[in-house]
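> model this:
(one chain, ligands or ions: 1)
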Amino acid sequence: MESIASREKFFPVQDISEVVQLFEYELEMNKEPDLTLLSIVVGSIENLLTCNRSNVLPEQNDVTSCTKLPVIDFKIVNALYKKFHSTIKGYVDMSQFANLKFATRELVKRVSDVIWNSLTRSYYKDRAHLQSLYSYLTGNKLDCFGVAFAVVAACQILGFNDVHLALSEDHAWVIFGENSCETAEVTWHGKGNEDKRGQSVEPGIASKCWLYLNGYPVRCNRYTEVASIVSAINPSLNVNNDAMEVALLQQQLLWLLYDKGHLSIYPMAIGNLGDLEEVNPSPDRAHCSVLFEEAIMIARTCYKNMHVYPYTYQGGYFYRHSRYKEAFESWANASDVLKQYNYTRDDEEIYKEVMEIANELIPHIMKVVSGHSAHSILKDPECFAHLLRFYDGICQWEEGSQTPVLHIGWAKPLVNTISKFDSQVRGQLIITSEVESAEDDENCNNVSTLKGIVATTGDEQKVRNDWLNLNTNLAKIEDSAESGNLHPNI
Ligand SMILES: CC1(C)CN=C(N2CCN(c3ncnc4sc(C(F)(F)C(F)(F)F)cc34)CC2)S1
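Modelled structure (predicted):
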C-alpha cells in the first residue's frame, strides 16, 4: 500500500501557507504529484468551510496566506487515502490487466464502473462541493467532473500514468494509450442523457458540437490535473456568499501553479484566477484584465481559437466595469468561435450563456446608455459592427445545425438593440462578404456570410445589402414564430 508517510511532516495543516507548501512539495519533490492526496486535502478544507462551518474558525481571521483554516489532521487524511487505495485495488482485479504497459479501454471502463457503481443511488448531481475525492470518500457523491477526475486518480494508483484528463468547456473524459491517442467517456453529461461510458469521443467531435471543442480539449498532464483540482475548488457558501478563506486558498494555489507554468495550457483556470483577482487584487501581480487577455492568447495559439469561455470571461469583466464597447467586442469574438460549431442539444450550457448576453446583458446596456450624451456608444459605428458580428455569429452557429438556436424571444431584443443606433451610424458600415461554397446549404444556394464587418467613421458608405443575410435570418425567425413552430427550448 503506497503510503503518504513522507508527507506526514506537513500535518496538521492549519493555514493557507501550509497547504501551499504541501502543493509545492507534491509539484516539485514527488516523482509525480499525488492526485488522491491533494484532492482529499483541498476537498476537506472546502467542505468544512462551506458545508458545516460550525465554529471551525476563529471569529476574526486575517486575509493573508496566514489565514487560519480548520485544522486538518494527518490521521483523517491518511484514513481517507487508504480507503480510496483499498477501494480501487480491491475492486479492480489486476490479474486481468497484468503486464500492461499502457491502459486499455477495458481497464478504463472497469475503473469507471467501480467509481460509478459506488456512488449514492440518487442525489442532486449539480450540487456544489461534489467535485473532490473527499466528497466521494465521505459521502459517495461526485459531480460530472468529479467522476472523471476520480477515474484518473484511480489509474494513477494502479500505475497507469498514460491515463489523463481531457477537459472541454462543459465536459470531461480521459485520454490513454501509447501516444495518449485513445479517448474514453468515463462520466455522464447533462440531464436525462444516457451516459456513453467506455465509448470514444470521436462521434462527438465529428458532430462539430461545442461540447467536444472540435477535438481541441485541454489534454492534461499530472500538473494540469493538479490545476484542475484547484480550479474546481468552489468557495460558494450559498448563492450570494463565498467562504473568504476558501477563495483565498484557491487564489494562492492558482498563483503557485501559474508561476510554475502549469496553467499555460489551461485558459479556464487563468480565467478563474482573473475572476478572483478582480474581487481581491494581489499586490504586485498582473491586473485581472491581463489574465483574461492571456487566456484568450492561449486559446488562440494552443486551441485554434475553438474555446468560447476566454471571451466570455473577458466580456463579463468589461460589462461589470461598464466598459461596454469592449464588452461588445469580446462577445463578438466569442460569437466568431461559436460559428465554427453546429448547435446540438448537448450544447445547452453555452446556449444559456449566449442567450443571457443577447437577451439580458446587451438590452440592459442599451437601457443604461439610452439616456447618455452624444459620445455614447449609440453613435459609434464600431460598436454597431461588433454587435452585428455577435448576432451574425449566432446565425451562422444555427446554420447547418440540427437544432434551431434562434426564436422570436431572440428577435425582439435583437431588433430593439439594432434600432437604437442612428441611421447615419448604420450607414457608416462597410460590409465585406465572400460567397461560401454551398456544401452546407440544403437548397444549394450560395450561402453568403459576413466575412468581415468593418466600421468606418467619416464619409458616408452605402451599406452593402450582404448584411441582409442577418435580416433574412430574422425573417425566418418571424415566419417560424407566426407558423407556431417555436424553439423547443422555451
Ligand atoms: C465565463 C464563465 C461563464 C465564467 N465561469 C466559467 N466557468 C467556470 C469554471 N469552469 C471550469 N473551470 C476550470 N476547469 C474546468 S473543466 C470544466 C468541465 F470540463 F466542464 C468539467 F470538467 F466538465 F466540469 C469546467 C471548468 C467552467 C467554466 S465560464
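> Return, as residue ranges, the portions of the stretch 351-490 of the chain with sub-threshold pLDDT.
Applying pLDDT under 70 to the stretch 351-490 of the chain flags residues 373-375, 433-490.
> How are the helices of it distributed by residue range?
With DSSP state H, counting those that start in this stretch as the criterion, the stretch 351-490 of the chain has helices at 362-370, 381-398, 408-418, 423-426, 468-482.
> Highest mean neighbour count out of those helices?
Of the helices of the stretch 351-490 of the chain, the one with the most neighbours on average (mean count of other C-beta atoms under 10 Å) is helix 381-398, at a mean of 23. Bear in mind the C-beta positions are built from the backbone N, C-alpha and C, glycine included.
> Check which helices and strands that one is in contact with.
Judged by 3 or more C-beta pairs under 8 Å, 6 or more residues apart in numbering; DSSP states H and E, the packing partners of helix 381-398 are helix 324-338, helix 408-418, helix 423-426, strand 429-436, strand 447-455, helix 468-482.
> again, 6 Å this time
The contact analysis (3 or more C-beta pairs under 6 Å, 6 or more residues apart in numbering; DSSP states H and E) places helix 381-398 against helix 324-338, strand 447-455.
> Which pLDDT does the model give Arg53?
Arg53 is assigned 76 on the pLDDT scale.
> And for Val337?
The predicted local confidence for Val337 is 98.
> what does Ala299 give?
For Ala299, the model assigns a pLDDT of 98.
> how close does it sit to Ile270?
10 Å (C-beta to C-beta, to the nearest Å).
> Comparing the two, which residue is more hemmed in?
Ile270 (27 against 24; other C-beta atoms under 10 Å).
> Find the nearest non-adjacent residue to the more buried one, please.
Take Ile270 and drop its neighbours on the chain: the residue closest to it by C-beta to C-beta, 6 or more residues apart in numbering is Ala295, 4.1 Å away.
> any idea which helix or strand carries that neighbour?
Per DSSP states H and E: Ala295 is located in helix 288-302.
> what angle do that helix and helix 324-338 make?
Per axes from the mean of the first three to the mean of the last three C-alpha atoms, to 10 degrees, the angle that helix 288-302 makes with helix 324-338 is 20 degrees.
> Contacts for helix 288-302, please.
For helix 288-302, contacts defined as C-beta atoms under 6 Å, 6 or more residues apart in numbering pick out 265, 267, 270-271, 273-274, 277-278, 307, 310, 313-314, 317.
> Please identify which of those residues is nearest to Gln250.
Closest to Gln250 out of these is Leu273 (8.6 Å), distances taken as C-beta to C-beta.
> Which residues are in contact with that closest one?
By C-beta under 6 Å, 6+ apart, the contact set of Leu273 is Leu254, Leu291.
> before we move on, what about Pro413?
Taking C-beta under 6 Å, 6+ apart, one finds Asn359, Pro363 in contact with Pro413.
> which parts of this structure sit against the ligand?
144-145, 167-172, 228, 231, 268-269, 272, 309, 312-313, 316, 353 (C-beta under 6 Å from any ligand atom).
> and those residues, which of them are in strands?
When DSSP state E defines the strands, the subset of these inside them is Leu167, Ala172.
> Quick one, which of the residues of the chain next to the ligand are buried?
Buried members of those, counted by 16 or more other C-beta atoms under 10 Å: 144-145, 167-172, 228, 231, 268-269, 272, 309, 312-313, 316, 353.
> where does the spatially most central residue of the chain fall, phi/psi-wise?
Central residue of the chain (C-alpha atoms, centre = their mean): Glu169, 3.7 Å from the mean position. Taking degrees, to the nearest 10, you get phi -90, psi -10 for the backbone angles of Glu169.
> That one is in contact with Tyr309, isn't it?
Yes: using C-beta atoms under 6 Å, Glu169 makes contact with Tyr309 at a distance of 5.1 Å.
> how about stretch 246-263 as PDB, C-alpha atoms only?
Output of stretch 246-263 as PDB, limited to C-alpha atoms (Å, rounded to 0.1, in the frame of the first residue of the first chain):
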ATOM      1  CA  VAL A 246     -11.600  29.000   0.500                       C
ATOM      2  CA  ALA A 247     -11.400  31.800  -2.200                       C
ATOM      3  CA  LEU A 248      -8.000  32.900  -0.800                       C
ATOM      4  CA  LEU A 249      -6.700  29.400  -0.800                       C
ATOM      5  CA  GLN A 250      -7.800  28.900  -4.400                       C
ATOM      6  CA  GLN A 251      -6.200  32.200  -5.400                       C
ATOM      7  CA  GLN A 252      -2.900  31.400  -3.800                       C
ATOM      8  CA  LEU A 253      -2.800  27.900  -5.200                       C
ATOM      9  CA  LEU A 254      -3.600  29.100  -8.700                       C
ATOM     10  CA  TRP A 255      -0.800  31.700  -8.500                       C
ATOM     11  CA  LEU A 256       1.600  28.800  -7.400                       C
ATOM     12  CA  LEU A 257       0.600  26.800 -10.400                       C
ATOM     13  CA  TYR A 258       0.700  29.900 -12.600                       C
ATOM     14  CA  ASP A 259       4.300  30.700 -11.500                       C
ATOM     15  CA  LYS A 260       5.300  27.100 -12.300                       C
ATOM     16  CA  GLY A 261       3.800  27.300 -15.800                       C
ATOM     17  CA  HIS A 262       1.100  24.700 -15.100                       C
ATOM     18  CA  LEU A 263      -1.700  27.000 -16.300                       C
END
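> Quick one: mean pLDDT for that stretch?
The model assigns stretch 246-263 a mean pLDDT of 98.
> cool, stretch 189-203 as well?
According to the model, stretch 189-203 has a mean pLDDT of 96.
> quick one: buried residues of it?
His189, Gly190, Asp195, Lys196, Arg197, Val201.
> Name the residues that touch it?
Contact with stretch 189-203 is made by Lys109, Ser112, His171, Trp173, Thr183, Glu185, Val186, Trp188, Tyr212, as judged by C-beta under 6 Å, 6+ apart.
> Put the alpha carbons of that stretch into CSV.
Provided in CSV are the C-alpha atoms of stretch 189-203 (Å, rounded to 0.1, in the frame of the first residue of the first chain):
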residue,chain,number,x,y,z
HIS,A,189,-23.1,14.8,-19.3
GLY,A,190,-26.2,16.9,-18.7
LYS,A,191,-29.6,15.8,-17.6
GLY,A,192,-31.5,12.9,-19.0
ASN,A,193,-28.8,11.8,-21.4
GLU,A,194,-27.8,8.1,-21.5
ASP,A,195,-24.1,8.0,-20.4
LYS,A,196,-21.7,6.9,-23.1
ARG,A,197,-19.1,5.5,-20.7
GLY,A,198,-16.4,3.3,-22.4
GLN,A,199,-17.0,4.8,-25.8
SER,A,200,-14.6,7.0,-27.7
VAL,A,201,-15.4,10.7,-28.1
GLU,A,202,-14.9,10.6,-31.9
PRO,A,203,-18.6,10.8,-32.7
